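**Student:** what follows is a predicted structure for the sequence shown.
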Amino acid sequence: MAGERGPGVIEETIQIHDKKQFEIKLGYPFTGEEGAKVYDVETYFFFPNNLGINRYTYTREDFYNSTQIYVRLQTPVVLLRNMAAGKDSPLEKLKDAIEGLFATESAGEDEKSFADYEYQLKMFCCIFKSAVRDHVQFISRKKHDLNSRNTSLRQQDFKDLVDKYLAGINATVTAFRSLRTLVNVPTRNKEIFSVFLFGDEYLSLLIEYYTYDLIQVINRLDFSEKESFNPRLLALIKTELDYRRANNYPSIPSINSTNEEFLFRSSVLKKFMGNVLFLTTKFKHEGELLEQIAFALAAGIAMMFATTAVFFAQAAYSTVSTPLFLVLVISYMFKDRIKEFIRTYLGAKLRTRLFDHKRKIYFNAKQKLGWCRESFVFLKSEKLPRTIVKLRAKDHITEVENDWVGEKVILYRKQVKILNRQFRSIHHDYPVNSIVDIMRLNVSRFLTRMDNSKTPIYVCDSKGCQRIFGNRVYHVNMIMKHSGNGRVVYRRFRLVLNQNGIKRIEEVTIDTN
């Protein structure tokens, strides 16, 4: 589910990663303006009370332990047909980098040239993946036009898109594999050739994956000529499988196998190629100094109470006596409790005003691109902003959930600062438009109190009553608020869960008026 797009607007995607994890992807745009740009994101989670999620059963540490955070640069956008076309294409940049490998015999230059070659090859693979994925997704969106308005013109548009997919892949892969002879030389480091083979295998896996995806899209179509596409697409997949076998690439899936090696190698290649876009982050807790000052203040106030009690006791009882002894003991008891009470009170107040931690974002060891601050807190219903309450109460079933069952609300805040000046100096070969922040949240802790997903129910028809099974689900509602560049955007989602995990994610249409 893609979010609203536009200049300076946070780009958002929320999707299921697997049965137990969903992914929120936020793109913070680089505006090109002077100075820094700050973006705020607030995500409100509404949990029904029968899930047992509250501040005692689901702590801040539980939340952060259930999340995985990745920060990377947005993949440059190139059309599939342009991957190998033109002097400024990704393929030409890779070819220039290969030629640079052999332009000098200097060891120092060789290291620099190899780094540039590896960078260009990984960027080529990442851009190719994005181009193929975007083309398939565009075809998928077109299928709705075909199914709803089955005209010959729209059918021809669809055919042209599939033809362009096949032609674009064939042209790109042929041009890429023609570079193999340039790096397969005995006089240089064998790692040069190994890196190329990794890229070659990865491209083949991408083609296979997204072509299967396209076949699934076409199989859901409703027009007579759709069967003509499958033989050509399956032939492409078979060609890539035969190519990997001929080159002894181990990433060959098999029907009579667990395909453990296939999945492992696919994952390793994906990470190896994708790490060119990932950024380094350095983590630190927020507000540690203020917290220590608050704790010291609590200890000081408690000590003042105890000391005052002792002074008054000594004034009243000049000699050592039982009353003086009792006063000393009681003052110590209250001193300890006063200190803990003030520590807890001030700590809670600080946590509502400060972020939990801060992650500094670096392009390399010295080049800082910005930072991200995060916080997690349970909110009481009376503390919710009026707009959020209004958006949550839009559908009719909410009246039952709120008034009869009740909900617990978690606010997850994120503030991101982008340093525009530093952004301008990175990746000169490709335009960098934004930083992408990916958070995966594991929902396993939400499922522990759920009833069985299959529940028996009875229905009556003309044949009498019969017992069937219905699917029991639970709804976790989410409202997201994005603020940045003078704009505020609200979006609402419904996370549909059962005991086995995530069933689906629905976007709820909202009206902020």
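**Tutor:** Received it, and whenever you're ready, just let me know what you need.
**Student:** what count of nearby residues applies to the closest residue to Leu328 other than its chain neighbours?
**Tutor:** Leaving aside its chain neighbours, Leu328 sits nearest to Val310 (6.4 Å; criterion: CB to CB, 6 or more residues apart in numbering). Where you see a C-beta, it was placed from the backbone N, CA and C, and this is true even at glycine. By the criterion of other CB atoms under 10 Å, Val310 has 15 neighbours.
**Student:** contacting residues for Val310?
**Tutor:** Neighbour list for Val310: 327-328, 331 [criterion: CB atoms under 8 Å, 6 or more residues apart in numbering].
**Student:** can I get stretch 37-50 in PDB, CA atoms only?
**Tutor:** The C-alpha trace of stretch 37-50 is given here as PDB (Å, rounded to 0.1, in the frame of the first residue of the first chain):
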ATOM      1  CA  LYS A  37      14.800  19.400   7.300                       C
ATOM      2  CA  VAL A  38      12.800  17.800  10.200                       C
ATOM      3  CA  TYR A  39      10.000  15.300   9.700                       C
ATOM      4  CA  ASP A  40       7.700  14.000  12.500                       C
ATOM      5  CA  VAL A  41       5.800  10.700  12.300                       C
ATOM      6  CA  GLU A  42       3.300   9.600  15.000                       C
ATOM      7  CA  THR A  43       1.800   6.100  14.800                       C
ATOM      8  CA  TYR A  44      -1.100   5.300  17.200                       C
ATOM      9  CA  PHE A  45      -1.900   1.600  17.800                       C
ATOM     10  CA  PHE A  46      -5.300   0.800  19.200                       C
ATOM     11  CA  PHE A  47      -5.400  -2.700  20.900                       C
ATOM     12  CA  PRO A  48      -8.700  -4.200  22.000                       C
ATOM     13  CA  ASN A  49      -8.600  -5.000  25.700                       C
ATOM     14  CA  ASN A  50      -9.100  -8.700  25.200                       C
END
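**Student:** returning to what we had before: look up the pLDDT of the residue nearest to Leu328 for me, please.
**Tutor:** On the pLDDT scale, Val310 is placed at 70.
**Student:** which parts of the stretch 1-150 of the chain are strands?
**Tutor:** 11-18, 21-29, 36-48, 67-73 (DSSP state E, counting those that start in this stretch).
**Student:** CA atoms only for the last one - export them in CSV, please.
**Tutor:** Spelled out, that is strand 67-73. Taking Å, rounded to 0.1, in the frame of the first residue of the first chain, the C-alpha atoms of strand 67-73 are listed here in CSV:
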residue,chain,number,x,y,z
THR,A,67,11.3,-4.4,15.9
GLN,A,68,14.0,-4.4,13.3
ILE,A,69,15.2,-1.1,11.8
TYR,A,70,17.0,-0.6,8.5
VAL,A,71,18.0,2.8,7.1
ARG,A,72,19.1,3.1,3.5
LEU,A,73,19.2,5.4,0.5
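**Student:** need the residues that contact that strand.
**Tutor:** Applying CB under 8 Å, 6+ apart, the contact partners of strand 67-73 are 274, 277-279, 281, 359, 361, 372, 426-427, 432, 434-442.
**Student:** let's see 6 Å
**Tutor:** Strand 67-73 is contacted by residues 277-279, 281, 361, 432, 436-441 when judged by CB atoms under 6 Å, 6 or more residues apart in numbering.
**Student:** show the buried residues in those residues.
**Tutor:** Buried by 16 or more other CB atoms under 10 Å: 277, 279, 361, 432, 436-441, out of those.
**Student:** from the residues you listed, which two are the most distant?
**Tutor:** Val432 and Leu441 (27.0 Å; CB to CB).
**Student:** what's the closest non-adjacent residue to Asn230?
**Tutor:** Distances taken as CB to CB, 6+ apart put Ile215 closest to Asn230, at 6.1 Å, once the chain neighbours are dropped.
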